[in-house]
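Q: have a look at this prediction, sequence included:
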Amino acid sequence: MNNRKRNVQIKFRVMEEERGLIEEKMKQVPTRNMEAYLRKTAIDGYIIQVDHSDIKKMTAELQKIGGQHQSDCQKSKHDGKCVSGRYRRNQRSFKRDMAVTKIKPIKITLKKALEYIQNPNKTDDKMLVSSFGCSYETADIEFAFTLSQALDMGNNLAHHLIQFFEPGEVSFEKAHEIGKQLADVVTKGQYEYVLTTHIDKGHVHNHIIFCAVNFVDYHKYNSNKISYYGIRNISDRICYENGLSVITPEKGRKGKSYIEYQMTKIGTSWKGKLKEAVDLLITQVTDFEDLLEKLQASGYEIKRGKYVSCRAPRQERFTRLKTLGTDYTEEAIRKRIAGIKSRTGKKLTQENGISLLLDIENNIKAQQSAGYEHWAKIHNLKQAAKTMN
């Protein structure tokens with residue numbers, strides 16, 4: 001076929017006993033596609049076999065619970081008794097013992113999504129950022145390589161999984177650890193992912209972005225209702241084992257428009273309230289020190305250091321003024337008080353040079369795949385050449 005991606009055919013001969021050995025090896029993976037199996041072993045020299053026995057056991061237990069529930073309901077109808085209310089109460093109490101998860105596809109803005117979840121202001125200066133199968137600094141480039149190897153990658157570049165926790169019930173480090181457990185089980189050691197824990201809001205939450213195609217056989221991830229409920233059950237199990245709870249949406253609650261969402265976000269977030277307070281007081285003060293005094297008088301706790309931070313009553317963590325935006329750094333606020341409008345501009349990110357070089361020595365795929373290592377070396381040479389121009 002003229003439209004084949006792989007249009008070069010390679011043939012080799014084996015004995016009948018050797019064919020039998022190859023087929024036995026294929027059963028261990030397991031796979032029936034001899035062409036894909038031989039190509040994978042010839043190029044990379046390895047096949048990753050993942051044990052799904054624990055997931056199968058959990059699925060079997062869930063099916064038993066569902067079957068028992070259905071049996072009891074049928075029995076209650078026969079006896080003329082109603083027990084559905086008790087089941088609803090048990091279901092509600094069970095839901096409160098887990099965490100909320102949601103997943104959405106990334107079709108275009110992969111790099112922006114990765115930059116957002118790695119925001120230093122949200123991840124304690126990137127102390128709560130980790131990755132698997134790639135380096136988080138160059139994840140978009142490494143995702144692109146994996147996607148380029150797929151015969152059918154679909155319309156998605158990656159999938160964005162978010163896991164929320166009840167406010168105040170889990171430490172930042174514990175939340176990150178739970179997020180890693182969830183990511184490892186969901187991706188099964190076959191997909192590159194970047195995990196971050198955001199701590200800048202009233203509730204701690206994890207962001208997991210994983211490639212839409214795995215780096216073992218380059219098949220795409222199928223995201224649907226079944227896979228989502230599987231993720232939710234896995235998250236519930238992990239949270240249950242760690243004694244955490246779930247956030248249940250209010251009954252009858254409807255979605256908000258974008259404008260309502262933005263107004264609510266500005267009105268209820270600690271940063272939004274602090275920005276309003278600063279904007280209001282700037283027109284009433286004579287200098288920066290006067291502004292801090294008035295913020296303190298209005299109930300804010302002030303912490304001085306390299307950067308000035310403020311904390312409202314009942315707020316857990318201090319908020320640095322500079323994290324509110326370019327108009328809220330100490331220098332910018334001083335200029336605003338003096339009547340000098342500060343210039344705001346989008347910070348330029350380096351698109352070439354050392355920041356985009358791949359760490360081949362410490363990369364798991366480079367160590368296991370000769371094809372990936374070759375590609376990474378060529379990529380690094382191209383990036384180094386750009387810096388010379």
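A: All right, it came through fine.
Q: what lies in contact with whichever strand or helix holds K174?
A: K174 is part of helix 172-187, with elements assigned from DSSP states H and E. Defining contact as Cβ atoms under 8 Å, 6 or more residues apart in numbering, one finds that helix 172-187 is touched by 55, 101, 124, 128, 130, 132, 161, 163, 165, 170, 193, 195, 197, 199, 204-206, 208, 210, 214, 231, 234-235, 238-239, 242, 244. C-betas here are computed from N, CA, C, even on glycine.
Q: so which of those belong to helices?
A: 55, 231, 234-235, 238-239 (DSSP state H).
Q: of those residues, select the buried ones using a PyMOL command.
A: Written as a PyMOL command, the selection of buried residues from the ones in helices among the contacts of helix 172-187, which uses 16 or more other Cβ atoms under 10 Å, is:
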select buried, resi 55+231+234+235+238+239
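Q: how many other residues sit next to the spatially closest residue to H205 that is not a sequence neighbour?
A: Spatial nearest neighbour of H205, chain neighbours left out: F164 (4.6 Å); criterion: Cβ to Cβ, 6 or more residues apart in numbering. Neighbour count of F164, defined by other Cβ atoms under 10 Å: 19.
Q: and for Y328?
A: Y328 - counted by other Cβ under 10 Å - has 20 other residues nearby.
Q: thought E301 was touching R314?
A: No - using Cβ atoms under 8 Å, E301 is not in contact with R314, being 11.1 Å away.
Q: between those two, who's got more neighbours?
A: Higher neighbour count among E301 and R314: E301, with 13 against 8, using other Cβ under 10 Å.
Q: now do the contacts for the closest residue to that one other than its chain neighbours.
A: Counting by Cβ to Cβ, 6+ apart, E301 lies nearest to R311, which is 4.5 Å off, once chain neighbours are set aside. By Cβ under 8 Å, 6+ apart, the contact set of R311 is 300-301, 303, 317-319.
Q: and the residue nearest to H205, what are its bridge partners?
A: V100, H205 (DSSP bridges).
Q: now it: how far from Y229?
A: 17 Å (Cβ to Cβ, to the nearest Å).
Q: circling back to that earlier point, identify each buried residue in the helix holding K174, please.
A: So helix 172-187, judged by 16+ other Cβ under 10 Å, has buried residues 172, 175-183, 185-187.
Q: from the residues you listed, which single one is nearest L292?
A: F172 (27.7 Å; Cβ to Cβ).
Q: I figured H207 hits I199, correct?
A: No - checked against Cβ under 8 Å, the pair H207 and I199 is beyond contact range at 11.7 Å.
Q: compare neighbour counts for these two and give me the winner.
A: Neighbour tally, H207 and I199, criterion other Cβ under 10 Å: the higher count belongs to H207, 23 against 20.
Q: check contacts around the residue nearest to L128 when sequence neighbours are not counted.
A: In this structure, L128 finds its nearest non-sequential neighbour in T197, 3.9 Å apart by Cβ to Cβ, 6+ apart. With contacts defined as Cβ under 8 Å, 6+ apart, T197 is in contact with 123, 128, 172, 175-176, 179, 204-207.
Q: try 7 Å
A: Counting by Cβ atoms under 7 Å, 6 or more residues apart in numbering, T197 touches 123, 128, 172, 175-176, 179, 204, 206.
Q: reformat the residues you listed as a markdown table; add pLDDT.
A: Below are those laid out as a markdown table (pLDDT from 0 to 100):
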| residue | pLDDT |
| --- | --- |
| T123 | 90 |
| L128 | 92 |
| F172 | 90 |
| A175 | 91 |
| H176 | 94 |
| G179 | 93 |
| V204 | 88 |
| N206 | 94 |
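Q: quick check, nearest of these to G325?
A: T123 (18.0 Å).
Q: was I right about G154 contacting K220?
A: Yes - using Cβ atoms under 7 Å, G154 is in contact with K220, at 5.0 Å.
Q: what do those two both touch?
A: A212.
Q: so where do the strands sit in the stretch 1-150 of the chain?
A: For the stretch 1-150 of the chain, strands defined by DSSP state E, counting those that start in this stretch occupy the ranges 100-106, 129-132.
Q: what lines up beside the last one in the sheet?
A: Strands flanking strand 129-132 in the sheet, each with its direction: strand 193-198 (antiparallel) (DSSP bridges).
Q: what angle separates the strand it pairs with from helix 172-187?
A: 150 degrees (axes from the mean of the first three to the mean of the last three Cα atoms, to 10 degrees).
Q: could I get the average pLDDT for strand 193-198?
A: Mean pLDDT, strand 193-198: 95.
Q: cool, and stretch 223-240?
A: Mean pLDDT, stretch 223-240: 87.
Q: for C310, list each beta-bridge partner.
A: Under DSSP bridges, the beta-bridge partners of C310 are I302, T319.
Q: quick one: contacts for it?
A: Counted by Cβ under 7 Å, 6+ apart, C310 has contacts 274, 295, 300-302, 318-319, 321.
Q: please redo it, this time with the cut-off set to 8 Å
A: Contacts for C310 (Cβ under 8 Å, 6+ apart) come out as 274, 295, 300-303, 318-319, 321.
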